[in-house]
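[1] need coordinates for the following:
(chains A and B)
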Amino acid sequence: MDNTEILKAEGLSKTFTLSRKQQKIERTDAKRKTAVDALSFSAYRGEIFGLLGPNGAGKTTTLRMLSTLIKPDSGDAWLDGCSVVSQPEEVRGKIGFLTSELKLEDFFTPNYLFDFFSRLHHVDETTCKERKQRMFARFGIDKFAEVKVANLSTGMKQKLSLVISLVHNPDIIIFDEPTNGLDVLTARTVTDYLQELRSEGKTIILSTHIFSLVERLCDRVGVIIDGRMTVCGTLQEVCGGISLEDRFFEIYKEQKGGEE
Amino acid sequence: MKSNVLTIIKKEFARFFGDRQLLFTTVIMPGLLIYIIYTVMGSGMEKMMTEGQDEVVTLRVEHLPESLTQTVLDLPGTIAVLQDVSQEEIDNLEDKDLNEVALRFPEDFDEMVATYSPQSGVAAPNVEIYYNSANNASSRVYGMLEAQLSAYEDQMSNRFDINRADTEEDRYDMASQDDVVGSILSKLIPMLILMLLFSGVMAIAPSSIAGEKERGTIATLLVTPMRRNELAIGKVVSLSGIALLSGISSFIGILLSLPKMIPADAAGVELGLNYTFTDYLVLLLIILATVLIMASAVSLLSAMAKDVKNAGTMVTPFMLVVMFCGLMPMFQSHVPEGIGAYLVPFYNSIQTMTAVFAHEMKWLPVAATLCSNVVYTGVAVWGLTRMFNSERVMFSR
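    As a prediction, the model looks like this:
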């Protein structure tokens, strides 16, 4: 990790209008819900930054704003100098974004999809071919390159999604719950690869609610509760000698006034 | 068991009545649409029946007998009766723009009818009514004359014939073959083309847009550097292309099967597709413009839908409106004159195609149709781009 600030989020806020159905689910009469509230943080080149928080804390919304899938109501974030508000296309060209919600067309083969997404990312043919060969071999997809996605195993589909999100070799990689729903083998492959990417100088922003994953992977962590960044720093700074899990519940109680 | 059945029934009702959209499309919309469609169809039919009543029809009569003078002179509508008919005037009836009918009685018709004996084996006196079926006013007056003379014939115990065809050359409908074929085709083909294009669009658009949303694959596209308008244009153009291929395939099928569908004997004429290269070119351009606007409109609705099933529900009312536009030529004798009609999407395509098939094509309506459809497609693509940009639309559940 070096000290080059590659991601800077300043006062990111997002409020959603709740439908009646959502009001029922959330058990509230309020018509609007603040998902992210003036969130600010930075990430540096070559680090893995973890956004830790319970379900509904605003982690996914934050990552969606960073990947320009949704627009912040206020605030902005700059990824490698490009604003998510005013330069969304440029931002998307610089990041790899992966979430379990992003799926690949069942009808196509890994080979076709890699070429297709490479074209959308303006990767030249030679680089695409070389990169495809390398990544398919790294994840064992090469044997299934001409098999339709529909016929791949769940683990293989997830590996392919990871590969496809990185066709353009981005410097910033944003993963929403990277090991969610993965079998243990695939989860291990993914976490190993994230470390490999960090060693190549890539910056990885991931969201999770799994403490062990943060402890094992992240250089720095930000704890989000109710859309607000409560603490942010290295694991040492945040935990101060106790386990991350214990520290998280301390923070949670402080924020929620004792309620669990 | 009874309580389980009731529980299931309650659950199904709760599911159905709890979904307002489903309730509207299943219960309210069919009745509403039938009411609207039948009302407009009724008004169209009324218009068709009364159309041309104010137009002056020239009725040329030869040897008008005394017994029928009052009947002919009392025919409703604005009819100018002129005595004596020449062969040249009968031949002129081929011009479908002339509101004319010719009525020829044998000389001494009354006397011939009075002395005629059906048992004699001799041909009965024949009354000839020449008209043009491609001219609405001419057809209307022919219908009235034929009805009045038939009533008189019944009264006289069938002592004369009307438009008896002794040989194949005896022809009373003076409409040209082109006009007859054009009239048949202009009522059938535009509607078929519209339906086929629509079914082509429906087969792919909901799956391509709402399906991608449902499967989560569109979000994967949205995180690439591609601009939203590029995605919208790419979708509309590719969907239009595929729908067009499907439409062309069906269209070729129609052209090949038409002579079998309308046998020459039944139509009374030999079917010859007497259209110029320009006609076909205009038709192709209209089809292209129509499929573009159709694909963009269905794409727009599909983008609003949560999934493919929902898209189908949303597109159904739109499909009925389009089909209804397709039926319009059946209730009209001429394409509209005013340019305003050619600015209404789908209706304009139908009217322009009808004009091509009826040999009534004019360049201004064609230009208005093409230009307006391209503009509407542009607006729809803009709307689709906005939808791809809208997080509420793209990520709603």
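[2] do a quick rundown of the strands in the chain.
    No chain in the question, so chain A it is. For chain A, strands defined by DSSP state E occupy the ranges A:5-17, A:32-44, A:48-52, A:74-79, A:82-83, A:95-98, A:172-176, A:203-208, A:220-225, A:228-234.
[3] hmm, I had chain B in mind actually
    Ranges of strands within chain B are B:57-62, B:79-83, B:100-104, B:126-130, B:161-162, based on DSSP E.
[4] contacting residues for whatever residue of the stretch 251-397 of chain B ends up closest to chain A?
    Proximity of the stretch 251-397 of chain B to chain A (C-beta to the nearest C-beta) peaks at residue B:391, 4.2 Å away. The way it works is simple: take the backbone N, C-alpha and C, and place the C-beta from them, glycine included. Listed by C-beta atoms under 8 Å, 6 or more residues apart in numbering or on different chains, the contact partners of residue B:391 are A:64, A:69, A:70, A:71.
[5] could you redo the last one with a cut-off of 10 Å?
    Residue B:391 makes contact with A:14, A:16, A:64, A:65, A:69, A:70, A:71, B:222, according to C-beta atoms under 10 Å, 6 or more residues apart in numbering or on different chains.
[6] repeat that for residue A:20.
    residue A:31.
[7] hang on, the earlier thing: among the strands of chain B, which gets the worst mean confidence?
    Confidence, taken as mean pLDDT, is least for strand B:79-83 of the strands of chain B (a mean of 73).
[8] what does the stretch 101-250 of chain B put close to chain A?
    Contacts of the stretch 101-250 of chain B with chain A, taken as C-beta under 10 Å from any C-beta of the partner chain, map to B:211-212, B:214-228, B:230-231.
[9] and the buried ones among those, selectable in ChimeraX?
    Buried residues within those, by 16 or more other C-beta atoms under 10 Å in any protein chain shown, are selected in ChimeraX with:
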select /B:211,212,214,215,217,218,219,220,221,222,223,224,225,226,228,231
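[10] give me the subset of the residues of the stretch 101-250 of chain B next to chain A lying in helices.
    B:211-212, B:214-215, B:217-222, B:228, B:230-231 (DSSP state H).
[11] farthest pair within these?
    B:214 and B:230 (22.1 Å; C-beta to C-beta).
[12] tell me which helix or strand in chain B has the weakest average pLDDT.
    Least confident helix or strand, chain B: helix B:264-267 with a mean of 50, by mean pLDDT, DSSP states H and E.
[13] so where's the stretch 251-397 of chain B uncertain?
    B:258-274, B:333, B:396-397 (pLDDT under 70).
[14] in the stretch 51-200 of chain B, which residue sits closest to chain A?
    Per C-beta to the nearest C-beta, residue B:200 is where the stretch 51-200 of chain B lies closest to chain A, at 19.1 Å.
[15] now do the contacts for that residue.
    Here residue B:200 is in contact with B:239-240, B:242-250, B:291, B:294-295 (C-beta under 10 Å, 6+ apart).
[16] go again with 8 Å.
    Residues in contact with residue B:200 (C-beta under 8 Å, 6+ apart) are B:242, B:243, B:244, B:245, B:246, B:247, B:250, B:291.
[17] was I right about the second one contacting residue B:293?
    Put plainly, it is residue B:243. No - here residue B:243 lies out of contact with residue B:293, judged by C-beta atoms under 8 Å, at a distance of 11.2 Å.
[18] how much space is there between residue B:116 and residue B:174?
    According to C-beta to C-beta, to the nearest Å, residue B:116 and residue B:174 sit 28 Å apart.
[19] equivalent analysis for residue B:309, please.
    55 Å.
[20] for residue B:63, same thing?
    Per C-beta to C-beta, residue B:63 is found 20 Å from residue B:174.
[21] quick one, phi/psi of the nearest residue to residue A:176 once chain neighbours are set aside?
    Closest residue in space to residue A:176, ignoring its immediate chain neighbours: residue A:99 at 3.7 Å, by C-beta to C-beta, 6 or more residues apart in numbering or on different chains. With angles defined as degrees, to the nearest 10, residue A:99 sits at phi -140, psi 160.
[22] how about residue B:108?
    Torsion angles at residue B:108 (phi, psi; degrees, to the nearest 10) stand at phi 60, psi 40.
[23] what sits against it?
    So residue B:108 contacts residue B:63 (C-beta under 8 Å, 6+ apart).
[24] show the pLDDT at it.
    What the model reports as pLDDT for residue B:108 is 86.
[25] kindly report the same for residue B:75.
    pLDDT recorded at residue B:75 is 79.
[26] swap in residue B:1?
    On the pLDDT scale, residue B:1 is placed at 66.
[27] count of neighbours near residue B:118?
    Number of residues near residue B:118 (other C-beta atoms under 10 Å in any protein chain shown) recorded here: 10.
[28] surely residue B:213 and residue B:390 touch.
    No - counting by C-beta under 8 Å, residue B:213 stays clear of residue B:390, with 11.8 Å between them.
[29] and the two? Which one has more around it.
    The neighbour count for residue B:213 versus residue B:390, taken as other C-beta under 10 Å, is higher for residue B:213 (23 against 16).
[30] more neighbours: residue B:63 and residue B:174, which one.
    Looking at residue B:63 and residue B:174 with other C-beta under 10 Å, you find the greater number of neighbours at residue B:174, namely 24 against 16.
[31] how near is the more buried one to residue B:182?
    Look at residue B:174 and residue B:182: by C-beta to C-beta, they are 15 Å apart.
[32] and if you look at residue A:144?
    59 Å.
[33] what about the two, which has more around it?
    Shown here are residue A:144 and residue B:182; by other C-beta under 10 Å, residue B:182 has more neighbours (24 against 21).
[34] residue contacts, residue B:313?
    By C-beta under 8 Å, 6+ apart, residue B:313 lies in contact with B:21, B:22, B:25, B:305.
[35] mind running it again at 10 Å?
    B:19, B:21, B:22, B:24, B:25, B:26, B:29, B:206, B:301, B:305, B:307.
[36] for the residues you listed, which one is nearest chain A?
    So of the contacts of residue B:313, ranked by how close each gets to chain A (C-beta to the nearest C-beta), first place is residue B:19, at 11.4 Å.
[37] show the contacting residues for that closest one.
    By C-beta under 10 Å, 6+ apart, the neighbours of residue B:19 are B:25, B:26, B:313.
[38] what parts of the stretch 101-250 of chain A come near chain B?
    Contact residues, the stretch 101-250 of chain A versus chain B (C-beta under 10 Å from any C-beta): A:101-108, A:113, A:116-117, A:119-122, A:149, A:161, A:164-165, A:167-168, A:174.
[39] what about burial for the residues you listed, which qualify?
    Among these, the ones that count as buried by 16+ other C-beta under 10 Å are A:102-105, A:108, A:113, A:116-117, A:120-121, A:149, A:161, A:164-165, A:167-168, A:174.
[40] can you tell me which of those residues are in helices?
    Those of those lying in helices (DSSP H): A:113, A:116, A:117, A:120, A:161, A:164, A:165.
[41] what's the span of stretch A:138-157 from first residue to last?
    14 Å (C-alpha to C-alpha, to the nearest Å).
[42] try stretch B:68-81
    OK, stretch B:68-81 end separation, C-alpha to C-alpha: 13 Å.
[43] can you list contacts of that stretch?
    Residues from elsewhere that reach stretch B:68-81, judged by C-beta under 10 Å, 6+ apart: B:50, B:52-61, B:64-65, B:99-101, B:103, B:105, B:109-110, B:127, B:137, B:140-141, B:144-145, B:148-149, B:151-152.
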